[in-house]
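Participant: This is a predicted model, with the sequence first.
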Amino acid sequence: MFKKILIANRGEIACRVIKTARQLGIKTVAVYSDADADARHVKLADEAFRLGPAAPRESYLKAELILELARRSGAEAVHPGYGFLSENEAFAEACAAAGVAFIGPPASAIAAMGSKSAAKTLMEGAGVPLVPGYHGDEQDTAFLQQQADRIGYPVLIKASAGGGGKGMKIVETAADFAGQLASAKREAAASFGDDKVLIEKYLTRPRHVEIQVFGDSHGDAVYLFERDCSVQRRHQKVLEEAPAPGLSAELRREIGEAAVRAARAVGYVGAGTVEFIFDTLTDAFYFMEMNTRLQVEHPVTEMVTGLDLVEWQLRVAAGEPLPLAQDALRIRGHAFEARVYAEDPARDFLPQIGRLAHLRQPAESAHVRVDTGVESGDEISPFYDPMIAKLIVWDENRDRALDRLASALAEYEVVGLDTNLDFLRRLAGHPAFRAQELDTGFIARHRDALIPPPAPVDAETLALAALAELALLEARGEAARLRSADAASPWWQTDGWRLNQDNRHALHFRVGEAEHAVVAHYRDDGYLLEIGEARIEARGSLRDGRLSATLDGYRLAAGVVRDGGTLTLVRDGGNVALEPFNPLLAGLAAAESGGGLTAPMPGTVVAVHVAPGDTVEKGAPLVILEAMKMEHTILAPHAGTVREVFFQKGEQVKEGLPLLEIEAAA
């Protein structure tokens, strides 16, 4: 076994590898960009080396530097994690040439599966079922249009060299093909340096079922059963489970053996995943692609098999045979993985960047596991994937595991930027999801239930906010009194005393665009709160960020987080952000709106479809921004005339800056 390994990655996967290495007595070497200098994986590793600036091309993709650091540190092997260099055949070859073990498959296997087109041809020869489509080298737009017309719409355009939903577009009609093809090629080139695509028939109600495979250097290969990854947004997985619901033992064996044939066809060594499209109408399955690395969702397989897949990777890379044969592998219970992202589901899951002002994760146990690479106070950067953590739960059956998931999600607290936690909670509790009505269109079909419009803030929430503010005012007053030379002065009282009136304090909160007033009348044992027409007898205490309150005899609690001028209440994992304000000063800092369309996030302008003087209809595409390797199309909010365009193709834009100005039609 290796004595020291270098982990050529960051975030939760780097922390995950360090955990197993430590259990095996293996020293670890971390690498980091300037953005990750204080990151969790750097703190956990035995050694750490700087790579360069934050951008991946200047840090985590610098293969030569990473190999030099492996040699300098004395690392005998490199674990690439997932993403970055994990499926880079040139890097795997360079490791071999340098005498450093690559903890992954041979370069030949990466090359064989790296091109989706070539992989389809290879799989056809191995007897693995394929979905109808075109996987050739010809990339002329007119030719590809002809192929799509031949296959029949809807079709799916996919980046040949990629994955993760980047460079993937669904085309419903022939008229949309050319525009979607151009967008897919741009995304593919930006993400993978290769704009080649393939075209496949798009199945209307498919499931995404994938098989975990493992091979060793002695010629043996096994499958460690399947995962269902059907619940996706933007073609990216958001919730996975194992085993896949509804598969018979015979079908499980059939699809598992097909995956092993795929692995053997390329002489596969190490951990890999063979992904299939599963037709819910016919129970037929078709090869989609093979990921020649450890998957993000590998923990659900670990939970139901009781195995450590990173340990298997290390042993196989060190030349050992597979720890278990196929007939010794078993499934026990059911597991889910929910990916907790910094993103805004209401804005088409737009990635968010910013500081994690507060992070509180569920307690880990035999049933609950949290894989993360961030801590409270860390920044979610625009340079990397915005995943905060993976929440994994296990129990004896699917229903009980779902209950575990709902309970753990209710314990999760994140403040400082938008997340998908509310969305995940609704998803875990949705009747159709519990009833196993799964396919890749699940989120789109149930979008209204999963992403409802924000509910108006209720009197109970305003009462809790008022108690939190009053506790803060009291603490500030007491601190000022203790600093004063005249601590006994009545002027330090914070009981809202008024001449000829009862003691009261008026509080004002802004929630979104709405403003709310709470009048707190001081009583001997608490307050009488006036909130609109409601009258609430309230008392509470705030300690270490936790508010304990009683409202009209009902006892409840909430987390209280203050970040800048925002007060956030956290209850049952849900957040309500309120901005306390003084109405006398409210209008002094108002900014002019300018009437323009602003950038929803930092990015690069990759296309501008309009010019000053153009007339546009509502919903017309105006500008395309590329951020986090995904394209975001800015649409016209109303019909009108373009008055000015502030950015051109290739320019960088910061979040909130105006992109263009449209004068509304009369």
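Facilitator: Cool, got the structure. The model shown is predicted, which means the values in this text are computed figures rather than measured ones. Numbering: from 1, shown residues only.

Participant: just checking, Ala271 is part of a helix?
Facilitator: No. Assigned with DSSP: H, G, I helix; E, B strand; the rest coil, Ala271 falls outside any helix and is strand.

Participant: I'd assumed Asn291 was in contact with it.
Facilitator: No. Assessed by CB atoms under 8 Å, Ala271 is found out of contact with Asn291, at 9.4 Å. Any C-beta I mention is one placed from the backbone N, CA and C, and that applies to glycine too.

Participant: can you give me the helices in the stretch 201-350 of the chain?
Facilitator: Applying DSSP state H, counting those that start in this stretch to the stretch 201-350 of the chain gives helices spanning 249-265, 298-305, 309-317.

Participant: of these, which approaches Tyr341 most closely?
Facilitator: Of all the helices of the stretch 201-350 of the chain, helix 298-305 sits nearest to Tyr341, with 16.3 Å by CB to CB.

Participant: Need the pLDDT of Ala475.
Facilitator: Looking at Ala475, its pLDDT reads 80.

Participant: Double-check that it belongs to a helix.
Facilitator: Yes. Counting by three-state DSSP, one finds Ala475 located in a helix.

Participant: Just give the closest residue to it, not the sequence neighbours.
Facilitator: Of all residues not flanking Ala475 in the chain, Leu542 sits nearest, at 8.0 Å (CB to CB, 6 or more residues apart in numbering).

Participant: Sticking with that neighbour, tell me its helix or strand.
Facilitator: Under the criterion of DSSP states H and E, Leu542 resides in strand 534-543.

Participant: Determine the set of other helices and strands touching that strand.
Facilitator: helix 459-483, strand 526-531, strand 546-551 (3 or more CB pairs under 8 Å, 6 or more residues apart in numbering; DSSP states H and E).

Participant: Out of these, which is closest to Pro154?
Facilitator: Closest to Pro154 of the helices and strands packed on strand 534-543 is helix 459-483 (CB to CB; 43.7 Å).

Participant: buried sites along the next helix or strand after that closest one?
Facilitator: The helix or strand immediately downstream of helix 459-483 is strand 504-511, counting by DSSP H and E. Using 16 or more other CB atoms under 10 Å as the test for burial, strand 504-511 gives Arg504, His505, Leu507, His508, Phe509, Arg510, Val511.

Participant: Nearest spatial neighbour of the fifth one, chain-adjacent residues omitted?
Facilitator: This means Phe509. The nearest residue in space to Phe509 (CB to CB, 6+ apart) is Leu578, at 4.4 Å.

Participant: Nearest to Ile18, out of the helices and strands packed on strand 534-543?
Facilitator: Ranking these by proximity to Ile18 (CB to CB) places strand 546-551 first, at 31.8 Å.

Participant: buried stuff in the closest one?
Facilitator: Buried-residue list, strand 546-551, by 16+ other CB under 10 Å: Leu547, Ala549, Thr550, Leu551.

Participant: any idea where the strands of the stretch 251-400 of the chain begin and end?
Facilitator: Secondary structure of the stretch 251-400 of the chain, counting by DSSP state E, counting those that start in this stretch: strands at 270-279, 285-291, 334-341, 343-344, 350-351, 354-355, 358-360, 368-372, 379-380, 387-395.

Participant: which SSE is the nearest residue to Val393 once chain neighbours are set aside in?
Facilitator: Using CB to CB, 6+ apart and skipping the chain neighbours, the partner closest in space to Val393 is Arg404 (4.1 Å). Here Arg404 is covered by helix 398-411, with elements defined by DSSP H and E.
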